[in-house]
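>>> coordinates only, sequence not included:
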Ligand code: PRX
């Protein structure tokens, strides 16, 4: 038996041999000629010369051994639909979708934007892209037209796949008008749009551009589309995420490295094995959905559950009833979801037969101890916190129980995963800090397989943003504060930048500020993340209006606040809507004009605003205090 310490040490010290072994977990059309090319740091090319295909590894290679076993289990408590696709049936649907894409002229290297609710067709579309070597860019269905337009312009997709509507708590959420609006706003509109009609909302087709998926599928029923064999470093997808600027970054993922990393993580971290079932409650629009609803489980020969619905309908026992029925062995969710369940009858945790379930994984935001204890005691299962980012694609920190059942420590997501050389540096001079001292969590290059390879279309931004932010070092910055204890467990203490985490959703405060600023009556605005009992954080806005008459009375203020929120809803989506918009006449700034964001955040959280010697107008803070107590 290898201990975790030996396992991890070897993944760093004997890197190439270690990853060459892991690479055997997937099928290669032609084997790699070298494990790693790191001749141009920080750009790492894993498994160079090898050719492979994600769709082949997720579906085709399982056909002989488990063609009739469940691959995709779709459950919608929104529509009442429930349908299981075996690997063979999934193979057929993905071939049809690949046929549709090829029929529309989509080929290797072309981008396809997927703006979809949690329906099987979304996964068919992703896997079909992988099959033909097209690069998918899934945009979360909760985003609205401006968010979508920004991503269209950056990725410049040849084709968009969408649907008439999503559904939230039983109510249809129409997509088509948002999509049409986004395409209108975009400088680089797609040539074609394929629309899946669920019969839930109007979806008027634009002649010459929009196509009906149902009709196309009928025309491609018997298509067999061979897999494109991609060189390991060729991109598989782009996934946009927020950073310090208002412009989202296109995280670019490779093909071979990603396949190997996910295949490695399934047994080593998620303890899920071929023929078993994995239940991840995230959304395909986020990285957790990409890696652990779609690719990870299927690559490992597991069935995956695709769930459309809230954790509360028909009641807060729905997830556990799904566990009883479909018998997943591992489950993956978020701390916010557990905090939502915590408001409901704990008896629901005991009502169903959960004997199949071994472990519950939680990630995406800090896991507080009361929440971890409540769910662990309620279910009688161990909870495994894990820490990672859209950029890394799979856990940086976790408890790798598949290697050694290390104890968990409350408040710590655990220890570094294979290949991650995680360190903590001083943000002042870049020196490595000692144990139990706070600093910036960073990773020594090369990043292991599966991590982002660059920012889509912007190598320079990749280097500048991620590799030049710790002084005097070329290391990958996570932009998280953290500490390491004497036993090598890490603790994550929040972001060093302006990214906030609302209910596990990563949002950029600058994007929200830009949206609010576009409101005709807003002169200036600051958005900060403020601690929230349920959602971890919420966005709070402080805005200066142009025409004070519009906020002259409490009623007018409230109406104006609602109006500003509507602007965010319609541009970015309700997911980015600030919880409050407070109106002030001046924002706290330094004499050189820099916003005192940390002071704003501290005041909003009822803390001491810190050093204010540089503030230009001290009355600005009184206004903030007054607004908060108002
Ligand atoms: O701040 C960290 C927080 O979420 C950020 C990454 O968010 P995203 O790109 O959406 O990827 C989520 C993938 C699970 C991180 O920089 N974060 C994520 N997991 C944890 C966490 N903070 C504390 N504990 C965690 N387990």
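Received, thanks. On a predicted model such as this, the values are computed, not experimentally measured, just so you know. Numbers count the residues shown, from 1 in each chain.
>>> show me the contacts for residue 314.
Applying Cβ atoms under 8 Å, 6 or more residues apart in numbering to residue 314 gives the contacts residue 77. Every C-beta, even on glycine, is put in place using the N, C-alpha and C of the backbone.
>>> on the three-state scheme, it is what?
Reduced to three states with DSSP: H, G, I helix; E, B strand; the rest coil, the structure at residue 314 is coil.
>>> and it, what pLDDT?
Residue 314 carries a pLDDT value of 96.
>>> over to the one 10 residues further on?
Residue 324 is assigned a pLDDT of 98 by the prediction.
>>> so who does the nearest residue to it once chain neighbours are set aside touch?
Distance criterion Cβ to Cβ, 6 or more residues apart in numbering; nearest residue to residue 324, sequence neighbours excluded, is residue 352 at 4.0 Å. By Cβ under 8 Å, 6+ apart, the residues touching residue 352 are 317, 320, 321, 323, 324.
>>> the first one and the ligand, how far apart?
Separation of residue 317 from the ligand (Cβ to the nearest ligand atom, to the nearest Å): 25 Å.
>>> in contact with that residue, which residues?
Taking Cβ under 8 Å, 6+ apart as the criterion, residue 317 is in contact with 348, 349, 351, 352.
>>> what's near enough to touch the third one?
In this case it means residue 351. So residue 351 contacts 317, 320, 321 (Cβ under 8 Å, 6+ apart).
>>> in JSON lines, list the residues you listed along with distance to residue 541 and pLDDT.
Compiled in JSON lines, the contacts of residue 351 are given as follows (distance: Cβ to Cβ, whole Å; pLDDT from 0 to 100):
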{"residue": "317", "distance to residue 541": "37", "pLDDT": "98"}
{"residue": "320", "distance to residue 541": "38", "pLDDT": "98"}
{"residue": "321", "distance to residue 541": "39", "pLDDT": "98"}
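>>> any idea how far the residue nearest to residue 324 is from residue 323?
Using Cβ to Cβ, to the nearest Å, residue 352 is found at 6 Å from residue 323.
>>> could you do residue 559 as well?
Relative to residue 323, and taking Cβ to Cβ, residue 559 is found at 45 Å.
>>> the more surrounded of these two?
The neighbour comparison of residue 559 against residue 323 (other Cβ atoms under 10 Å) goes to residue 323, with 24 against 12.
>>> so the more buried one: helix, strand or coil?
helix.
>>> ok, it touching residue 333?
No - with contact defined as Cβ atoms under 8 Å, residue 323 and residue 333 do not form a contacting pair (11.5 Å).
>>> next one, pLDDT for residue 86 please.
With respect to pLDDT, residue 86 scores 98.
>>> rewinding a little: reformat the contacts of residue 352 as CSV; add distance to residue 386.
CSV is the format used below for the contacts of residue 352 (distance: Cβ to Cβ, whole Å):
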residue, distance to residue 386
317, 25
320, 21
321, 25
323, 20
324, 25
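>>> leaving out chain neighbours, which residue sits closest to residue 627?
In space, residue 627 is closest to residue 582, 3.8 Å off (Cβ to Cβ, 6+ apart).
>>> which SS class is residue 351?
At residue 351 the chain is in coil, as set by three-state DSSP.
>>> so what does the residue in the stretch 51-200 of the chain positioned nearest to the ligand look like in phi/psi?
Nearest to the ligand, among the residues of the stretch 51-200 of the chain, is residue 140, at 10.5 Å (Cβ to the nearest ligand atom). Per-residue torsions, residue 140: phi -50, psi 130 (degrees, to the nearest 10).
>>> check contacts around it.
For residue 140, the contact set (Cβ under 8 Å, 6+ apart) comprises 283, 285, 286, 573, 575.
>>> distance of it relative to residue 134?
Using Cβ to Cβ, residue 140 is found at 20 Å from residue 134.
>>> same check, this time on residue 430
From residue 430 over to residue 134 the distance is 41 Å, taken as Cβ to Cβ.
>>> between these two, who's got more neighbours?
Taking other Cβ under 10 Å, residue 430 and residue 134 do not tie; residue 134 has more neighbours (26 against 17).
>>> hmm, residue 261 is touching residue 395, no?
No - using Cβ under 8 Å as the test, residue 261 is too far from residue 395 to be in contact (9.8 Å).
>>> where does this structure come near the ligand, residue by residue?
241, 287-288, 363-367, 385-390, 413, 478, 480, 492, 495, 501, 506 (Cβ under 6 Å from any ligand atom).
>>> those residues in helices, which ones?
287, 288 (DSSP state H).
>>> in strands, which of the residues of the chain next to the ligand fall?
Counting by DSSP state E, those place 241, 363, 385, 386, 478, 480, 492, 495, 501, 506 in strands.
>>> tell me the buried residues in stretch 460-478?
461-463, 465-467, 469-470, 473, 475-478 (16 or more other Cβ atoms under 10 Å).
>>> look at it and report the distance between its end residues.
This stretch, stretch 460-478, spans 17 Å end to end (Cα to Cα, to the nearest Å).
>>> what's next to that stretch, contact-wise?
41-43, 243-244, 249, 389, 391, 396, 423, 425, 427-430, 440-445, 447, 452, 454-455, 479, 496.
>>> buried ones only from those residues, please, as a ChimeraX command.
Filtering these down to the buried ones (16+ other Cβ under 10 Å) takes a single ChimeraX command:
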select :42,43,243,244,249,389,391,396,423,425,430,440,441,442,443,447,452,454,455,479,496
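>>> can you tell me which of the contacts of residue 317 lies nearest to residue 269?
Nearest to residue 269 among those, counting by Cβ to Cβ, is residue 349 at 24.1 Å.
>>> mind listing what that closest one touches?
By Cβ under 8 Å, 6+ apart, the residues touching residue 349 are 317, 320, 341, 375, 378, 379.
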